[in-house]
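Enquirer: No sequence on hand, only this structure:
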């Protein structure tokens, strides 16, 4: 192997590929689904960089109905039976925080992923490439049969 060229910049040295899908660390999650959802809400609220009052206000604007910080506190507390977030409020939480982990958390084990829409073209391209490979393989097999196995 030739010695490394110390005069050429390494373009990938400090590059980290972007996260495409929302991933949730599952190693420390509660076994109960309701507790996991509360945990995801709590972490979302902690990581979003906004106060709970501000998030509640933005959720209320999204829904067209008031949401209080106290309600968010209840959603984020696994011990608050009867205070579970509805799907519409989960969407409002995502709109207010930009964090879809409350949905991604339970979709991942079911074989689904949440990805930013800017990556949809890449997904479609990968699907087309798979189809093209399958069609090319069928074409080669058909050609082989047609030409008598040659």
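Expert: Okay, I see it. The shown structure was predicted, so the numbers you read here are calculated from the model rather than taken from an experiment.
Enquirer: Now do stretch 102-109, average pLDDT.
Expert: Here stretch 102-109 scores 88 as its mean pLDDT.
Enquirer: Show me how far that stretch is from its chain's centre.
Expert: 8 Å (C-alpha atoms, centre = their mean, to the nearest Å).
Enquirer: Tell me, please, where in the chain the pLDDT is lower than the cut-off.
Expert: 1, 7-12, 15, 17-29, 149-150 (pLDDT under 70).
Enquirer: which of the residues in the lengthiest helix in the chain are buried?
Expert: Across the chain, the helix with the greatest residue count (assigned by DSSP state H) is helix 120-146. Using 16 or more other C-beta atoms under 10 Å as the test for burial, helix 120-146 gives no buried residues. The way it works is simple: take the backbone N, C-alpha and C, and place the C-beta from them, glycine included.
Enquirer: Check which helices and strands that helix sits against.
Expert: Judged by 3 or more C-beta pairs under 8 Å, 6 or more residues apart in numbering; DSSP states H and E, helix 120-146 has no packing partners among the helices and strands.
Enquirer: from the middle of its chain, how far away would it be?
Expert: Here helix 120-146 is found 28 Å from its chain centre; the criterion is C-alpha atoms, centre = their mean.
Enquirer: same deal with stretch 142-150?
Expert: Chain-centre distance of stretch 142-150: 46 Å, with C-alpha atoms, centre = their mean.
Enquirer: shift numbering so it begins at 527
Expert: Okay, residue one is now 527; in that scheme the one you just asked about reads as stretch 668-676.
Enquirer: what sits up against that stretch?
Expert: Residues outside stretch 668-676 that contact it (C-beta atoms under 8 Å, 6 or more residues apart in numbering): none.
Enquirer: tell me the domain ranges of the chain?
Expert: 548-640, 642-676 (automatic domain parsing).
Enquirer: for those domains, which one sits closest to residue 531?
Expert: domain 642-676 (31.8 Å; C-beta to C-beta).
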